[in-house]
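Peer 1: Pasting a predicted model and its sequence here:
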Amino acid sequence: REAGTTPARAPLLTDGRGRACLPLPGAMGFWLGTFFFLLLEAVFVAWVQFRRVDEKPLKHTLYGTAVFCCWISWALVYASQIHTPIFVTPVPATPE
């Protein structure tokens, strides 16, 4: 490299249409969020299992279903914010 020159920039990532996009910074955030929901489910299992409650199988099912529904909602919103071209395909306006 010659003195006084700026270092070459890394090439930008592009989507299928040639637009620049950021690298996927959200992969760690997705797995961290998923781990949080698994931890929440473990807390609910312990909460039901180690208390004297009636109908333990029903409560396990209800808590498990609630955590799964919250996780799937969170995952879809998270994925749609990170990877918008997957969910939204703009249609160019045609002149009339």
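Peer 2: Sure thing, it's come through.

Peer 1: Which residue ranges of this structure form strands?
Peer 2: 13-14, 20-21 (DSSP state E).

Peer 1: Quick one: mean pLDDT over the last one.
Peer 2: Model confidence over strand 20-21, given as mean pLDDT, is 60.

Peer 1: going forward, begin numbering at 569 instead of 1
Peer 2: Sure, I'll start counting at 569 from here, so that last one is strand 588-589.

Peer 1: burial measure for residue 635, as a count.
Peer 2: Number of residues near residue 635 (other C-beta atoms under 10 Å) recorded here: 19. (Glycine included, C-beta is placed from N, CA and C.)

Peer 1: Surely it touches residue 604?
Peer 2: No. Here residue 635 lies out of contact with residue 604, judged by C-beta atoms under 8 Å, at a distance of 10.2 Å.

Peer 1: Please save the CA atoms from stretch 613-621 in CSV.
Peer 2: Provided in CSV are the C-alpha atoms of stretch 613-621 (Å, rounded to 0.1, in the frame of the first residue of the first chain):
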residue,chain,number,x,y,z
VAL,A,613,-42.2,-26.0,34.4
ALA,A,614,-40.5,-25.6,37.8
TRP,A,615,-43.2,-23.3,39.0
VAL,A,616,-45.9,-25.8,38.3
GLN,A,617,-43.9,-28.9,39.2
PHE,A,618,-42.7,-27.8,42.6
ARG,A,619,-45.9,-26.3,43.9
ARG,A,620,-49.0,-28.1,45.2
VAL,A,621,-51.5,-27.3,42.5
